[in-house]
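Q: Below are the sequence and a predicted model; questions follow.
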Amino acid sequence: MRILGKAVFLLLLVAALAGQGAGVTLAAGSGLDDPRKKDIARQIVSSNENSSLDWRAQFTYIEDIHDGRGYTAGIVGFCSGTGDMLDLVRLYTERKPDNVLAKYLPALEKVNGSDSHEGLDPDFPDDWRMAAEDPDFQQAQLDEVDRVYFNPAVTAAKQDGLRALGQFAYYDAIIMHGRDGFDSIRSAAMAVAQPPSQGGDEVAYLNAFLDARVEEMKKEPAHSDTSRVDTEQRVWLQNGQLDLDPPLHWKVYGESYTIDG
């Protein structure tokens, strides 16, 4: 028994040293990739993007919000002018070649990088809503969100030693600003404060990240309302809700929301 106990001790010691060498130690609490936390994240994003907690109702959403990105649609606001809508429709077409949106691929390629509707009007919004009733297109939206936004954000946040709130802050930022904008915000934050993975204080670093996020938002008139930081993420940070555990209360764009459990 003493030999077994010694072996267990050595294994624990090796694991502890390996953890120190990795430089990333997350505190207790489930991360954003926990199924319940991921659903909470989707609800919060839906409040930010669609003024509703019912994220499943947003598969069919589409409109031009006149922010220079063309049509904005779906559960995270895929845009015809930024490439993510094009990638989504390509994925859907790879999986289901005869889908109702496939015929718009040439137009989506042409309008990418602009706010143009050329080749999309007048039927694209109705066809989007039709496609969005298809479970295969819904799954394509979910898969693209994970590939382009959720997984990179959560991976980066875990590398920085951040818990669920920090993971969500990264996720929301990469949705709005894209990968380049997110990387810029993250770099600006690290120039001010060290993340936990580098021995820094988590709250101080997240405050620096949110400060940098606000500065990035103010560069565009369409993002000048910074309430999704000021009366949402910053409130949870001030309340010490670093694990993003309910109950959660926040305001965004003048509307109040609650997730109780």
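A: On my side now, so go ahead.

Q: which residue ranges form the helices in the stretch 51-200 of the chain?
A: Taking DSSP state H, counting those that start in this stretch, the helices of the stretch 51-200 of the chain run over residues 84-95, 105-111, 124-131, 135-145, 151-159, 164-190.

Q: want to throw these into a markdown table with mean neighbour count and distance to Ile75?
A: (C-beta placed from N, C-alpha, C; glycine too.) Output for the helices of the stretch 51-200 of the chain, formatted as a markdown table (neighbours: other CB atoms under 10 Å; distance: least, CB to CB, whole Å):
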| stretch | mean neighbour count | distance to Ile75 |
| --- | --- | --- |
| helix 84-95 | 20 | 10 |
| helix 105-111 | 16 | 18 |
| helix 124-131 | 18 | 12 |
| helix 135-145 | 18 | 5 |
| helix 151-159 | 19 | 15 |
| helix 164-190 | 21 | 10 |
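
Q: right, and those - which one's nearest Lys219?
A: Closest to Lys219 of the helices of the stretch 51-200 of the chain is helix 164-190 (CB to CB; 9.2 Å).

Q: for the helix or strand that comes right after that closest one, the distance to its chain's centre please.
A: Scanning forward in sequence from helix 164-190 by DSSP states H and E, the next helix or strand is helix 202-217. The chain centroid and the centroid of helix 202-217 are separated by 16 Å under CA atoms, centre = their mean, to the nearest Å.

Q: Counting by contacts, list what helix 202-217 packs against.
A: helix 164-190, helix 234-238 (3 or more CB pairs under 8 Å, 6 or more residues apart in numbering; DSSP states H and E).

Q: if we go to 6 Å?
A: helix 164-190 (3 or more CB pairs under 6 Å, 6 or more residues apart in numbering; DSSP states H and E).

Q: Out of the helices of the stretch 51-200 of the chain, flag the one nearest His223.
A: helix 164-190 (6.6 Å).

Q: Which strands or helices does the closest one pack on?
A: helix 151-159, helix 202-217.

Q: From Tyr92, how far off is the residue most central in space within the chain?
A: Central residue of the chain (CA atoms, centre = their mean): Tyr171, 2.8 Å from the mean position. With distances taken as CB to CB, to the nearest Å, Tyr171 is found 23 Å from Tyr92.

Q: Could you do Ala131 as well?
A: Ala131 sits at a distance of 7 Å from Tyr92 (criterion: CB to CB).

Q: same question, Ala57
A: Separation of Ala57 from Tyr92 (CB to CB) stands at 19 Å.

Q: for Ala208, same thing?
A: Plainly put, Ala208 is 39 Å away from Tyr92 if you go by CB to CB.

Q: CA atoms only: put stretch 237-244 into PDB for me.
A: Written as PDB, here are the backbone C-alpha positions of stretch 237-244 (Å, rounded to 0.1, in the frame of the first residue of the first chain):
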ATOM      1  CA  LEU A 237     -16.900  41.800 -13.900                       C
ATOM      2  CA  GLN A 238     -17.600  44.300 -11.100                       C
ATOM      3  CA  ASN A 239     -20.000  41.800  -9.500                       C
ATOM      4  CA  GLY A 240     -17.300  39.100  -9.500                       C
ATOM      5  CA  GLN A 241     -19.300  36.800 -11.800                       C
ATOM      6  CA  LEU A 242     -16.100  35.500 -13.500                       C
ATOM      7  CA  ASP A 243     -17.700  32.100 -14.000                       C
ATOM      8  CA  LEU A 244     -20.800  33.600 -15.700                       C
END
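
Q: which residues touch it?
A: The contact list for stretch 237-244, computed with CB atoms under 6 Å, 6 or more residues apart in numbering, reads 29, 163-165, 168, 206.

Q: how about 10 Å then?
A: 27-32, 34, 37, 40-41, 44, 162-169, 202-203, 206-207, 209-210, 229, 233, 235-236, 247-249, 259 (CB atoms under 10 Å, 6 or more residues apart in numbering).

Q: Just the buried ones out of these, please.
A: 31-32, 37, 40-41, 44, 162-169, 202-203, 206-207, 209-210, 229, 233, 236, 248-249, 259 (16 or more other CB atoms under 10 Å).

Q: Thanks again, I'm all set now.
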